[in-house]
Structures are given as structure tokens and as C-alpha cells.
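> Just to be clear, the model below is a prediction. Sequence and coordinates:
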Amino acid sequence: DAGITQSPRYKITETGRQVTLMCHQTWSHSYMFWYRQDLGHGLRLIYYSAAADITDKGEVPDGYVVSRSKTENFPLTLESATRSQTSVYFCASRKGSREDETQYFGPGTRLLVL
Amino acid sequence: AQSVTQLDSQVPVFEEAPVELRCNYSSSVSVYLFWYVQYPNQGLQLLLKYLSGSTLVESINGFEAEFNKSQTSFHLRKPSVHISDTAEYFCAVIVPSGGYQKVTFGTGTKLQVIP
């Protein structure tokens, strides 16, 4: 039972480079989410997806791009990384649209932008 | 829009002592409330949630939280903490609407259990 996985777990990159963070879930959950976690801010939603080919912006989407061609994958791309995007990124999934359903989180990707 | 406040960024407590982690929310309508726990280098895990009904909710590892509508609070308590409870705890709120509504997280409280 793999659950929800993220890769890479750690990434160091330079300003201006493109970076893609991968998220994969094995439950066929409809909803998937990307959050960033920063000290003093808790978790903030970047993008979410309700199903394959359906995505929408969250609270802090600028500088990020997502796609969802398959239900199980939800990659997050930083098109031109900036130092302010240094953070810990968490992917999450939820079975359906009900708001009382549990969100399941991946282990996170620590990204450092130099 | 709803918001969540966790006033304590860090809470040190001795092993076997009781602990309370505070959470206050602001919303003019009914909400769902959650507590998540994050162990070092891991993702968040749901600890417990309040949706409706009994205002006291419990987790399987001895934590409990009480929904207090008049004080707009959802404080997390444990009567006797263990070293393994050392983690960061996040309070979260959703305003249910029948459609998608985002989860608003608090800034987290780091619980440090001292042997």
C-alpha cells in the first residue's frame, strides 16, 4: 500500500531554473492538492485538482504551474525558480468532494533555491 | 473568510504532564474543525476532527479536543504526554458549503516533550 509519494524528497536548484516536483497516489482519489509550508505561515494552498484535466488556483499560485493528465499524478512545476520559493512542498489527496473527508499528505519535498 | 489562530508557536512540557494546545477560529457560519499532527520529516496526519454532534472528540492516542462555539475555540488536550508526542500540531478549519472550500491551516504549535 504505497499511498501518496513525492519525489524528489530534497532538491537544490538555482534561481531561474525550471523545477518539477512529482506527486503520485495509488488510491484513485479524485482530489489532489499542493501546499507549501513556511515558518510563520503554516500551510498555504498553491493549486488543487478535482479530477484529471481539472485544476484550479489556490491561495498562492503565482510562479507555479500544474497539470493532471492522469488521476494518480499531479506534478508541480516552478517555471523559473526564485529564492522566495524555497520551502517545503506537500502534496495531498482526498477521495471525493465532501469537505469532511480526510486529506492524506505525502512526506514532502524540501526545495532550496540558491 | 475564515481564519485560524494558534497563539503558541512552541509548547515545552515534561513527560507525563498534561498539555493544552490552543486554537481559535473566526467564522460567522458553521465550520468543520481539524487537528493534524506532523512528526519530524513527515507529512501531516489527521489527528481528530469535529463535524457536528458531540462537542468533545477524541483520537486513538489519547488526545481530545472540545469545540466551544461561544469562544470559537477548538483546543487540543492530553492528560499525560509521552516522548513520542513530540511533533508539530496544526489546527485547521473548513466552512462547509456543498462545493469545494479550501482548508485554512493555523501556523502550527511545536510540542516538545521533555524527559
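Perfect, thanks for sending it. Numbering: from 1, shown residues only, chains lettered A, B, ... in the order given.
> Now the residue of chain B found nearest chain A: closest residue in space that isn't a chain neighbour?
Going by Cβ to the nearest Cβ, chain A is nearest to residue B:43 of chain B, at 3.2 Å. Glycine gets a C-beta too; all of them are placed from N, C-alpha and C. Nearest residue to residue B:43 in three dimensions, chain neighbours excluded: residue A:105, at 3.2 Å (Cβ to Cβ, 6 or more residues apart in numbering or on different chains).
> which non-adjacent residue is nearest the residue most central in space within chain B?
In chain B, the centroid-proximal residue (Cα atoms, centre = their mean) is residue B:35; its distance is 3.3 Å. Spatial nearest neighbour of residue B:35, excluding adjacent residues (Cβ to Cβ, 6+ apart): residue B:47 at 4.4 Å.
> One more: residue A:50?
Ranked by Cβ to Cβ, 6+ apart and with sequence neighbours excluded, the top spatial neighbour of residue A:50 is residue A:31, at 5.9 Å.
> Residue B:66 belongs to a strand?
Yes. Looking at residue B:66 with DSSP: H, G, I helix; E, B strand; the rest coil, it is inside a strand.
> Quick check: beta-bridge partners of it?
residue B:56, residue B:75 (DSSP bridges).
> OK, contacts around it?
Going by Cβ atoms under 8 Å, 6 or more residues apart in numbering or on different chains, residue B:66 touches B:55, B:56, B:57, B:73, B:74, B:75, B:77.
> For the residues you listed, which single residue is the most surrounded?
residue B:74 (29 neighbours; other Cβ atoms under 10 Å in any protein chain shown).
> Return the residues of chain A in contact with chain B.
A:4, A:31, A:40-45, A:48, A:50, A:56, A:58-59, A:90, A:92, A:97, A:99-100, A:102-103, A:105-108 (Cβ under 8 Å from any Cβ of the partner chain).
> which of the residues you listed are buried?
For the residues of chain A next to chain B, a burial check counting by 16 or more other Cβ atoms under 10 Å in any protein chain shown picks out A:4, A:31, A:42-45, A:48, A:50, A:58, A:90, A:92, A:99, A:103, A:105-106, A:108.
> Just want the most central residue of chain A.
Chain A, centroid-nearest residue using Cα atoms, centre = their mean: residue A:34 at 2.8 Å.
> Which pLDDT does the model give that one?
For residue A:34, the pLDDT comes out at 96.
> Which strands and helices lie in contact with whichever strand or helix holds it?
Following DSSP states H and E, one finds residue A:34 within strand A:31-38. For strand A:31-38, the elements it packs on are strand A:19-25, strand A:42-51, strand A:87-94, judged by 3 or more Cβ pairs under 8 Å, 6 or more residues apart in numbering or on different chains; DSSP states H and E.
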